[in-house]
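Engineer: Any chance you can model this:
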Amino acid sequence: MEVEFTGDVFEWRGPAPYYYVAVPDDDSEDIREASPMLTYGWGVIPARVVVGDTEWTTSLFPKDGRYLVPLKDKVRKAEAIGTGDLVEVRMVLGERP
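Structural biologist: Below is the predicted model of the structure:
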């Protein structure tokens, strides 16, 4: 399953700051419907993600009815991404990290 969207980067503070892009509602619904075939535990969805020229594997996770795409530090640094930036995300779901 392939998904493309544009979204804002936001910071979520836990024990350390984490950065994410939320998958839009419609795409999140499509992912949720396909999740039984994609997930490998507690609802996370493995994915190969591309932002700009950077590609990596990660896991989306559900939060408040949507899925979140984590942005690793190496991705944010390579693409000069900060909180509030609008980024274009391309993903292939089901590819395990």
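Engineer: going forward, measure contacts and count neighbours with C-alpha atoms only.
Structural biologist: Fine.
Engineer: in the chain, which spans are strands?
Structural biologist: Assigned by DSSP state E, the strands in the chain fall at 2-13, 17-22, 45-51, 54-63, 66-70, 86-93.
Engineer: mind listing what's buried in the biggest helix by length in the chain?
Structural biologist: As assigned by DSSP state H, the longest helix anywhere in the chain is helix 25-38. Across helix 25-38, burial judged by 16 or more other CA atoms under 10 Å covers 28, 31-32, 35, 38.
Engineer: So what angle separates the directions of it and strand 66-70?
Structural biologist: 80 degrees (axes from the mean of the first three to the mean of the last three CA atoms, to 10 degrees).
Engineer: what mean pLDDT does helix 25-38 have?
Structural biologist: For helix 25-38, mean pLDDT rounds to 92.
Engineer: From the contact counts, what lies against that helix?
Structural biologist: Here helix 25-38 touches strand 45-51, strand 66-70, going by 3 or more CA pairs under 8 Å, 6 or more residues apart in numbering; DSSP states H and E.
Engineer: before we move on, the earlier item: as a markdown table, the strands of the chain with mean pLDDT, mean neighbour count and distance to R76 would be great.
Structural biologist: Output for those, formatted as a markdown table (pLDDT from 0 to 100; neighbours: other CA atoms under 10 Å; distance: least, CA to CA, whole Å):
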| stretch | mean pLDDT | mean neighbour count | distance to R76 |
| --- | --- | --- | --- |
| strand 2-13 | 94 | 15 | 10 |
| strand 17-22 | 92 | 18 | 9 |
| strand 45-51 | 95 | 22 | 9 |
| strand 54-63 | 93 | 17 | 9 |
| strand 66-70 | 96 | 21 | 10 |
| strand 86-93 | 97 | 17 | 11 |
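Engineer: thinking again about what came up before, make TSV from the helices and strands packed on helix 25-38 and add distance to L93 to it.
Structural biologist: Shown next, in TSV, are the helices and strands packed on helix 25-38 (distance: least, CA to CA, whole Å):
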stretch	distance to L93
strand 45-51	4
strand 66-70	11
